Structure formats: C-alpha cells, structure tokens
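1. Could you look at this predicted model? Sequence included:
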Amino acid sequence: MKPAARILPVIVLAQFCCTSLWFAGNAVMPDLVSEFGLDADALGHLTSAVQFGFILGTLSFAFLTISDRFSPSKVFFFCAMLGAVFNAGILLDNNSFFSLMSFRFLTGFSLAGIYPVGMKIASDYFDKGLGRSLGYLVGALVLGTAFPHLLKEISGNIDLEWRWVIYFTCALAFSGGFLILWLVPNGPYRSGLQKPDLSLIFKIFKNADFRSAAFGYFGHMWELYAFWAFVPVILGFYKQIHPAADFSIPFISFLVIGLGGLACVLGGYISEKNGVRRTAGGALFLSGICCLISPLIFYANSEILLIGFLIFWGLVVIADSPLFSTLVAKTASANSRGTALTIVNCIGFSITIFSIQLLNMLIKHITPNLIFTVLAIGPAFGLIALFRRRNTSTANS
C-alpha cells in the first residue's frame, strides 16, 4: 500500500474526531437554554459565535501563512488541543450568555487550524485523485458535525445527559489531534514558505480560475450552514403543526447532516468521470431547487416525505463542498495551497454568519416553513460564478 493510501484513513478519522466540536453546542442547545436561562434566539447567536471565531482564526492563519510556513500536522495538533479545552468551558456551572459565546467563539477559532489545515495535509499527499481524497475528508467533517446530535440522542438515557455530549466530543478532539501528530508527517508534495507573505492572499485572487471556484464556494456556503443549523428548528416546528408526527429530532438531524458524508465521497468518484466543475454545479443546482420547493414539503402532512426530502437535501447541499475545495487547491501553487484554502474558508464562513442571522431574524416574523427559500440566493450566485466563463484549464478535470 502506498504511503498516501495509509495516511488518508488517519486524516479522515482525525478530521471526524476534531470537527465534532463544531455543533456540540447546537446538539445540546435546549439544555443550555434551560441550564443557563438563555433566550430562545440563543441558537443563532451561539452558532454564529463559532462561525465568527472560525472566520477570525482563518483570517489570521491566512495573513500569517501559518499552514504554508509551519508543519501542518503540528498546527492541527495544537489547535485540536485548544479546541477541546475551550469546548469543555461550557461545562462550567457559573456560565453566562457572554461566557458561553466566548467559549464557542474560541472553539471556532481553534477549528481554523483543523478543517482547512486537514485539507492542506491531504493536498500535500495527493496530486492525482485529490477530489476523491477531499471527498473522504469533507465527508468526515460532515459526520463529525452531525455526530453530537447522535450523542444527544444516546445520552437521553444517561445520568450525565447533555454534559456527556461535551465530555465525549472533547475526548474525540484530543484523540484526533494525537493521531495527526503521531502518524502523519509532512507530505511529499509540501512546499513551504520561509517567511510570511502578507500579499499572498491578493496574489491568489488575481487568478481568474481561482476566483471562479472561490465564488462558487461562497454561494454554496450561503446555504450550507444555515440549513444545518436550522434543521432541528424546522423539525420541531413541523411537530407543532402536525401533532401526530412521531420522530426523534436529534436522530433525524443526525441523519440529515451525517448522511451528507456519503455524498461527499460519492461526489468525488463521480467527478473523476464527469469533471469536478460539472459535478459541483449539478449538486449546487439540486440544492437550490430544494430551497425553492421546501415550503411545499413542510406543509405536506407526511413524515416520510419530509424526512426523505431533508435527507436528499442534506446529500446535495454538501456534495459540492470537497469539489470546490479541489478546484481551489488545483488553481493555487504548491506553496500557497494552505493559504488559498484557508482564505476561501474564511470568506465562506463569514457568509454563513449573514445567512444564519437572516434566518434567525426571519423566523420571528414569518412562518418557519418559508425561511429556507431565501437560501436559494446562494446556489444561484454560485452557479453564475462557476459557469460564466468557459474554462479549459486543468481545474476542470
């Protein structure tokens, strides 16, 4: 077995373990509201705190070219340790809304050294088949993001209840960090920078192919995290207007988000036959259609239709994510890939704050069944950016 083939499962497992920190707060949100006397709109604010921390973290990492100057495995390890510590902070008995926001912000900041750096590590090991490799990696992110919802479902019969979810995700993050440190040395395609290059971000965006891929990713991100964050809210509202509905909100939320990991892997294989750009565009188009028809599904009195629709949406909404990252990585030079992936993540996650807060505001003024329609703006923008110019570069392959 080639070294890269042995390394990929380790990176995937570590990514899964560490990204479980991302939605740990969302999975136990009702318990946090009850335990610390939070307002009902805490979901949007605490989710945005993680996103904002991730944004500032990726911006700092990008400007300082951290993952291109230092060993990405060591960066990943230290950030995993910090993320676990900050995640554990919400267990403190005297937490206030401000302290919870601070801990979630710092957890998000730490994730800046985990998600994009994990993709950087993979790109250092894979030249050919990068789309397939990143499919596995983003699939691990998706499963890790969904996993706290499953933990919450399991912990319902355990004395520790919501605190058990936090303990477990912290342990996972520690484990993932050590896996990378011990088993993943610098890759053969790594080409590091010797000193900070504060102008590197601006140089990257001069590349038209890079801009096309990046703007497509931005449209994708407008939809993705807002959809993920509000799936439990929509499921709860559905049960209110259809009292006979009988399903577990945490478990269905886990399925809707977690099964998207399979779509990431499958999308990577499909892209090898149909092309990365075309496959990403197809997934983006389908998720945009889901945004537009969602009110019809939510009003229908059918649990099977609702759950099936949300699972399908969960598949297509994330399938294009590793493909956009592949396009970004392929249009950047070897010594700027880490920075390119990081700055694109930074801007993309900045966009998620606006879409999440928009839904947070709209849900107070209109029926929740309608709020997802505004997410169609993202796929429309992404498709225009992706296909407004015909590319003949290798980024299409």
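-> Received the coordinates, thanks.
2. residues contacting the residue sitting furthest away from the middle of the chain?
-> Distance from the C-alpha centroid of the chain peaks at residue 244, with 33.0 Å (Cα atoms, centre = their mean). If you count contacts by Cβ atoms under 8 Å, 6 or more residues apart in numbering, residue 244 has none. All C-beta atoms are positioned from the backbone trio N, CA, C, and that covers glycine.
3. count of neighbours near residue 125?
-> By the criterion of other Cβ atoms under 10 Å, residue 125 has 23 neighbours.
4. Could you check how far it is from residue 118?
-> 11 Å (Cβ to Cβ, to the nearest Å).
5. what does residue 252 give?
-> Distance from residue 252 to residue 118, by Cβ to Cβ: 28 Å.
6. Also residue 166?
-> Residue 166 is 22 Å from residue 118, by Cβ to Cβ.
7. Show me the shaky parts of the stretch 201-350 of the chain.
-> Within the stretch 201-350 of the chain, the segments meeting pLDDT under 70 span 334-335.
8. Could I get the full set of helices for it?
-> 208-241, 249-258, 260-274, 276-299, 303-319, 321-330, 337-362 (DSSP state H, counting those that start in this stretch).
9. Out of those helices, which is closest to residue 14?
-> helix 260-274 (14.8 Å; Cβ to Cβ).
10. tell me what the closest one is packed against?
-> Under the contact criterion of 3 or more Cβ pairs under 8 Å, 6 or more residues apart in numbering; DSSP states H and E, helix 260-274 touches helix 130-155, helix 276-299, helix 303-319, helix 321-330.
11. hey, C-alpha coordinates of that helix in PDB?
-> Written as PDB, here are the backbone C-alpha positions of helix 260-274 (Å, rounded to 0.1, in the frame of the first residue of the first chain):
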ATOM      1  CA  GLY A 260     -24.100  14.000   3.600                       C
ATOM      2  CA  GLY A 261     -20.700  12.500   4.200                       C
ATOM      3  CA  LEU A 262     -21.600   9.700   1.800                       C
ATOM      4  CA  ALA A 263     -22.500  12.300  -0.800                       C
ATOM      5  CA  CYS A 264     -19.000  13.900  -0.400                       C
ATOM      6  CA  VAL A 265     -17.300  10.600  -1.100                       C
ATOM      7  CA  LEU A 266     -19.700   9.600  -4.000                       C
ATOM      8  CA  GLY A 267     -19.300  13.100  -5.500                       C
ATOM      9  CA  GLY A 268     -15.500  12.700  -5.500                       C
ATOM     10  CA  TYR A 269     -15.800   9.500  -7.600                       C
ATOM     11  CA  ILE A 270     -18.400  10.900  -9.900                       C
ATOM     12  CA  SER A 271     -16.200  14.000 -10.500                       C
ATOM     13  CA  GLU A 272     -13.400  11.700 -11.900                       C
ATOM     14  CA  LYS A 273     -15.800  10.700 -14.700                       C
ATOM     15  CA  ASN A 274     -17.800  13.900 -15.300                       C
END
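12. you'd agree residue 136 is up against residue 266?
-> No: the criterion here is Cβ atoms under 8 Å, and residue 136 misses it with residue 266 at 10.7 Å.
13. ok so, going back, comparing residue 252 and residue 118, which residue is more hemmed in?
-> residue 118 (29 against 21).
14. Now do the contacts for that one.
-> 11, 14, 15, 18, 76, 137, 141.
15. Go again with 10 Å.
-> Residue 118 makes contact with 11-12, 14-15, 18-19, 67, 72-73, 76, 134, 137-138, 140-141, 176, 180, 184, 341, according to Cβ atoms under 10 Å, 6 or more residues apart in numbering.
16. In contact with residue 30: list those residues for me.
-> Contacts of residue 30 by Cβ under 10 Å, 6+ apart are 38, 42, 43, 152, 162, 232, 236, 249, 250.
17. That one and residue 105: what is the separation?
-> Applying Cβ to Cβ to residue 30 and residue 105 gives a distance of 21 Å.
18. Any stretches of the stretch 51-200 of the chain with poor pLDDT?
-> 127-129, 155-160, 187-199.
19. Quick one: the helices in it, in order.
-> According to DSSP H, counting those that start in this stretch, the helices that the stretch 51-200 of the chain contains are 66-69, 72-88, 97-111, 115-125, 130-155, 162-183, 200-204.
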